[in-house]
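Visitor: Here is a sequence together with a model predicted from it:
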Amino acid sequence: MTERKIYLIHGPDEFLIELERNRLVHKLKKDGYEEREIFFTKATSFSFEQLMGEQYGDLFSSKKIVDLRLENSPSKFDGELLEEFCRNLSDDKGLIISILGIDRVKTRAWFKKLLNYSEDVEVKKIWPNQKKLWLKNLSSRFNVSISDEEIDLIIEKTQGNLLSSYQELKMIKTLDNHSKNNHVTENSNFDIFNLSNSILRGDLEESLKILDHLKLQKGSEALVIWGLFREVERISFLKEDSSTKIIGPFDYIDNIKAKSKKLSDIQIIYFKKKIAALDINFKSGKENFWKNAERIIIEFIKPEFLQ
């Protein structure tokens, strides 16, 4: 009999649970589970009776992942249905149960019963003195080459926020893939963070000084394009909805929110077009990349030049 693929994820941090869930989804897809259906127990349309319909396989269907987000503790009856679901799950179904926001879950009777059929995936809290090792392990998982100094800088920049640290690491991976043979030095990765911050603060002198430093870094053009586009895109999101959640240090969040109030919709569109043109300029190998980048930064900090 084929071993059932059932995973029970739980822990105090929902972001870490999400990260582990994504890892398991990737693992199951590599094992041939092509489809995926997500169920949220808090959804008004959800019922455990509905979930039972996913219990059995279909000769004519591909292997499927059932992704259950358990957001509230099931009643005794629903707990029994969930136990039955796990017990009778067909071999062509993979089940990931993510337990979210349920206190003292290990003491719950339904949880203990589910452990009889599933792999216990406990995601433990990452303490401050563990963040460096966590990022190092995550970089290995992403196949990202990163130094201890870079990791320290990520932690410092993100104030130890795990989600922000993860996003910065993903950004570095994207840039590594983008640049390929044009390896971006570790300093340039963090110069772009400083460039973004100085631009949003409105510090023109500091911004141009950082830009001059980036000119010396081989392959850093892609970083500059990415950094400029990221900030304009985030400002655009804030312009559309001021409640948009922005992750980052407090001063960065304050500065980007302030900038979103100052720029008009027309100016945001203008900068998107200018950055797109800068990207084309770079990819086509034309000269004056740095001169054009400098012009965009000056106009961004002092948009009155556009009037």
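Guide: Looks like it arrived, so ask away. Numbering: from 1, shown residues only.
Visitor: Skip the chain neighbours and tell me the closest residue to Ser207.
Guide: Ser198 (4.5 Å; C-beta to C-beta, 6 or more residues apart in numbering). No exception for glycine: its C-beta is placed from N, CA and C like everyone else's.
Visitor: wait, the one you found sits on Glu206?
Guide: Yes - applying C-beta atoms under 8 Å, one finds Ser198 in contact with Glu206, separated by 4.2 Å.
Visitor: okay, the two: which has more neighbours?
Guide: Ser198 (21 against 15; other C-beta atoms under 10 Å).
Visitor: Tell me which residues touch that one, please.
Guide: Glu206, Ser207, Ile210 (C-beta atoms under 8 Å, 6 or more residues apart in numbering).
Visitor: now the first one: how far from Tyr270?
Guide: In this case it means Glu206. 23 Å (C-beta to C-beta, to the nearest Å).
Visitor: go on, the second one?
Guide: Distance check for Ser207 against Tyr270: by C-beta to C-beta, it reads 18 Å.
Visitor: likewise the last one?
Guide: Applying C-beta to C-beta, the value for Ile210 to Tyr270 is 23 Å.
Visitor: which stretches of the protein aren't confidently modelled?
Guide: 1-3, 57-60, 157, 159, 173-191, 247-248, 304-307 (pLDDT under 70).
Visitor: Could you break this structure into its assigned domains?
Guide: 5-122, 126-180, 183-306 (automatic domain parsing).
Visitor: who's more crowded, Ser207 and Tyr270?
Guide: Taking other C-beta under 10 Å, Ser207 and Tyr270 do not tie; Ser207 has more neighbours (23 against 18).
Visitor: mind checking the SS state of the more buried one?
Guide: helix (DSSP: H, G, I helix; E, B strand; the rest coil).
Visitor: so where do the helices sit in the stretch 101-250 of the chain?
Guide: All helices of the stretch 101-250 of the chain, identified by DSSP state H, counting those that start in this stretch, fall at 109-114, 131-141, 148-158, 162-179, 186-201, 204-215, 221-240, 250-262.
Visitor: Out of these, which is closest to Gly79?
Guide: With C-beta to C-beta as the criterion, Gly79 lies closest to helix 109-114 of these, at 3.2 Å.
Visitor: For the closest one, enumerate the helices and strands it packs against.
Guide: strand 5-10, helix 76-87 (3 or more C-beta pairs under 8 Å, 6 or more residues apart in numbering; DSSP states H and E).
Visitor: Just name the most buried of the ones you listed.
Guide: strand 5-10 (a mean of 21; mean count of other C-beta atoms under 10 Å).
Visitor: next helix or strand past that strand?
Guide: Per DSSP states H and E, strand 5-10 leads on to helix 14-30 as the next helix or strand towards the C-terminus.
Visitor: what's that following helix packed up against?
Guide: Here helix 14-30 touches strand 5-10, strand 64-70, strand 93-99, helix 162-179, going by 3+ C-beta pairs under 8 Å, 6+ apart.
Visitor: Please point out which parts of it sit buried.
Guide: Neighbour-count burial for helix 14-30 flags Leu16, Ile17, Glu18, Leu19, Glu20, Arg21, Leu24, Val25, Leu28 (criterion: 16 or more other C-beta atoms under 10 Å).
Visitor: Stretch 103-120 now?
Guide: Buried, per 16+ other C-beta under 10 Å, within stretch 103-120: Val105, Arg108, Trp110, Phe111, Lys113, Leu114, Tyr117, Ser118.
Visitor: Which one of those is nearest to Ile6?
Guide: Ser118 (4.0 Å).
Visitor: what residues are up against the closest one?
Guide: Listed by C-beta under 8 Å, 6+ apart, the contact set of Ser118 reads Ile6, Tyr7, Leu8, Cys86, Leu95, Ile97.
Visitor: again, only this time at 7 Å
Guide: Going by C-beta atoms under 7 Å, 6 or more residues apart in numbering, Ser118 touches Ile6, Tyr7, Leu8, Cys86.
Visitor: OK, contacts around Ile155?
Guide: Lys131, Lys132, Ser165.
Visitor: again, only this time at 8 Å
Guide: So Ile155 contacts Lys131, Lys132, Leu135, Ser165 (C-beta under 8 Å, 6+ apart).
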